[in-house]
Structure formats: C-alpha cells, structure tokens
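Colleague: make a model of this:
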Amino acid sequence: MSFSASWLALREPFDHAARSPALIAALRQYLARVRGENIRVLDLACGSGSNHRYLTPKLAGGQHWTMVDNDAALLALLPGGARPGMPGEAATVLETVCLDLVDGLARLPIGETDLVTASALLDLVSEQWLARLLDMLATRRPVLLLALSYDGSMQWQPVLPDDAWVTGLFNRHQRTDKGFGPALGPAAADKAARGLRACGYTVTTAASDWLLLPADRVLQQAMVAGIAEALGSRPGGASGDAVRLRNWSESRLALVAAGRSCLRVGHTDLLALPGSGDRG
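Modeller: Purely as a prediction, here's the structure:
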C-alpha cells in the first residue's frame, strides 16, 4: 500500500518528536564501534524520506542510503546523488529503488547493508512476510531499526463513551490485509522482537507515542476522518454500528474544533543488534 505525500508531511513532525533518543544513541554507538566510519543504510517503504531526514544528522560518518518504495511519485520527491556534509553533519549518498516489497523482498541488497531501517511499516506487514525478512537477516546480520509500530493504544481526552469501542474496531481493522497479507497490526513489535531474539539479535524496545495537543487540530481531524473511513468501509458492519460511528466522529470532531481534544497514540521503536539476549 502507499500513502499520500500530504499525509506523510502532516505526520512527519509528530513522528520525529515521538522517536526514542535512547535507541538512536545506542545505534550510533554500535555503528561507530563495529561498522566503522562509513555505513550503508537500507530504508524500506521510505515514502517521501522522513526516516532519512530524521536519522541522517544523528548518525556519524559517511552514509550511503538506498531508499526503497513502490511509489515512484514519492521517490521522485527525494534528492538523488551525493551531498557533502555541512560542518558537524555526515556526508551522504542517496539512491532510490522503486520496488514492491512483497514480490521483491529477495532482491533487497541486505548482504551489503550495515543498517536496515523502516518507519511505520512493521504493523502493516504479515507474519509470513516478516518471517521471510527474518530469514534474510539471520544469515546476513545487519543492524535493524524499526520505528513507530502502532501498538493498539489510542487514548483520547476528554473520554467519550465509544472511544474504547472505536479503538477495538480499528485494531481489528489493522489486522486486515494491507498488501502483504493479513497484517500483524498491534502485535507487530512484539512478534518481531521475539523472532529477532530467536535469530540471535539483542533487542531493545522503547515507547514512541504520538502526543497530540489541542492545538494539533489538523492531525486530530485527519485521524478521526481516517478511522471513520476505515471502519465505515469494513465488510459486515451493521447499520446500527454506522450510526454509532457517525455519532462518535461528529462528537470527537466537535471537541477538536473547540480546542478541547488531546490524543496519545501508542507506538513502539525497536532496535536489534547482532548478538544475543534482549532488553525491553
């Protein structure tokens, strides 16, 4: 599946604010110690490049990024070629690859990569796709950083009577096929962590929750609209559920418009280093 450039731009500052600085510090330390001054990075489902923009200034040394997505229009938004680093910033080389990660997973250059990374991808993939990726990682042993996997938690303030009902329906919807087969949804980070530990990786996880305040009306409105659209199109929904969902949506949007709504959306960041053991 693909997302619009406008949605990716809207969420980017909240993604960046949510990410775990402790995991980034551990990643940087490991790469500097084990992989050397120049690293090769593979960014899966890179979209318009948010993950690259976040990580590039935080990683030391020269960087060669291979940006992979199935949306050529999003890839066209990315700068290509080499760019010398500014003072205090790493030099980078960026190349783009238009590839369907379902059919093209085996063609990824994981064996030539020091760091495999993705943002807001893991909860969309299937257990079978994840198993295929883990098989590749088990033999080629790159570092893995998977950011912003949705964990099933949405906490609205003030609370409406149907908030929990809507979240439950949405979490079930998140387990439907997003293009990779039945999606892992909220179970994704835990499933990946267990699989990576079985492959001999040291796994560290950290919360990376979105926190939307009353002033963040546009993203809250987009969230309500997206949830309502997703649940309204699900098969087997009863007509009474449609009315209930519309009432919830209208009530929540009224609170957002009045500057009275806050939202915390739970996410998990995962760092996996070649080794053994785990830290949660």
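Colleague: can you verify my assumption that residue 171 contacts residue 151?
Modeller: No. Because the distance of 9.7 Å does not satisfy CB atoms under 8 Å, residue 171 is recorded as not touching residue 151. The way it works is simple: take the backbone N, C-alpha and C, and place the C-beta from them, glycine included.
Colleague: give me the more crowded residue out of these two.
Modeller: Neighbour totals were compared for residue 171 and residue 151, and residue 151 leads with 22 against 17 (other CB atoms under 10 Å).
Colleague: now the more buried one. Nearest residue, chain neighbours left out?
Modeller: Spatially, and ignoring its direct neighbours in sequence, residue 151 is nearest to residue 266 (4.1 Å; CB to CB, 6 or more residues apart in numbering).
Colleague: what residues of the helix or strand containing that neighbour count as buried?
Modeller: Take DSSP states H and E as the rule and residue 266 turns out to sit in strand 262-274. Of all the residues in strand 262-274, those buried under the rule 16 or more other CB atoms under 10 Å are 262-263, 265-274.
Colleague: which strands and helices lie in contact with it?
Modeller: helix 21-30, strand 143-157, helix 188-198, strand 201-207, strand 210-212, helix 217-232 (3 or more CB pairs under 8 Å, 6 or more residues apart in numbering; DSSP states H and E).
Colleague: try 6 Å this time
Modeller: helix 21-30, strand 143-157, helix 188-198, strand 201-207, strand 210-212 (3 or more CB pairs under 6 Å, 6 or more residues apart in numbering; DSSP states H and E).
Colleague: contact partners of that strand?
Modeller: 20, 23, 27, 30, 141, 143-151, 153-157, 189, 196, 201-206, 208-213, 220 (CB atoms under 6 Å, 6 or more residues apart in numbering).
Colleague: centre of the chain to it, how far?
Modeller: Relative to its chain's centre, strand 262-274 lies at 8 Å (CA atoms, centre = their mean, to the nearest Å).
Colleague: looking only at pLDDT, what's the mean for it?
Modeller: Averaged across strand 262-274, pLDDT comes to 98.
Colleague: can you list the strands that it pairs with?
Modeller: In the sheet, strand 262-274 lines up against strand 143-157 (antiparallel), strand 201-207 (antiparallel), strand 210-212 (antiparallel) (DSSP bridges).
Colleague: closest one to residue 248 among these?
Modeller: strand 143-157 (10.0 Å; CB to CB).
Colleague: which elements pack onto the helix or strand just after that closest one?
Modeller: Reading on from strand 143-157 to the C-terminus, the next helix or strand found by DSSP H and E is helix 163-173. Here helix 163-173 touches strand 143-157, helix 217-232, going by 3+ CB pairs under 6 Å, 6+ apart.
Colleague: which residues touch the shortest one?
Modeller: Just to be clear, that refers to strand 143-157. Under CB under 6 Å, 6+ apart, the answer for strand 143-157 is 15, 19, 27, 115-120, 122-123, 163, 167, 171, 186, 188-189, 208, 262-273.
Colleague: the inter-axis angle of that strand versus helix 188-198?
Modeller: 150 degrees (axes from the mean of the first three to the mean of the last three CA atoms, to 10 degrees).
Colleague: in strand 143-157, what's buried?
Modeller: Within strand 143-157, the residues that count as buried by 16+ other CB under 10 Å are 143-152, 154, 156.
Colleague: residues of the lengthiest helix in the chain that come out buried?
Modeller: Criterion DSSP state H: the longest helix present in the chain is helix 239-257. By neighbour count on 16+ other CB under 10 Å, the buried set for helix 239-257 is 244-245, 248-249, 252-253, 255-256.
Colleague: go on, stretch 106-118?
Modeller: Across stretch 106-118, burial judged by 16+ other CB under 10 Å covers 108, 110, 113-118.
Colleague: what does the pLDDT read for residue 86?
Modeller: For residue 86, the pLDDT comes out at 50.
Colleague: what about residue 193, how many residues nearby?
Modeller: 20.
Colleague: what sits against it?
Modeller: By CB under 6 Å, 6+ apart, residue 193 lies in contact with residue 203.
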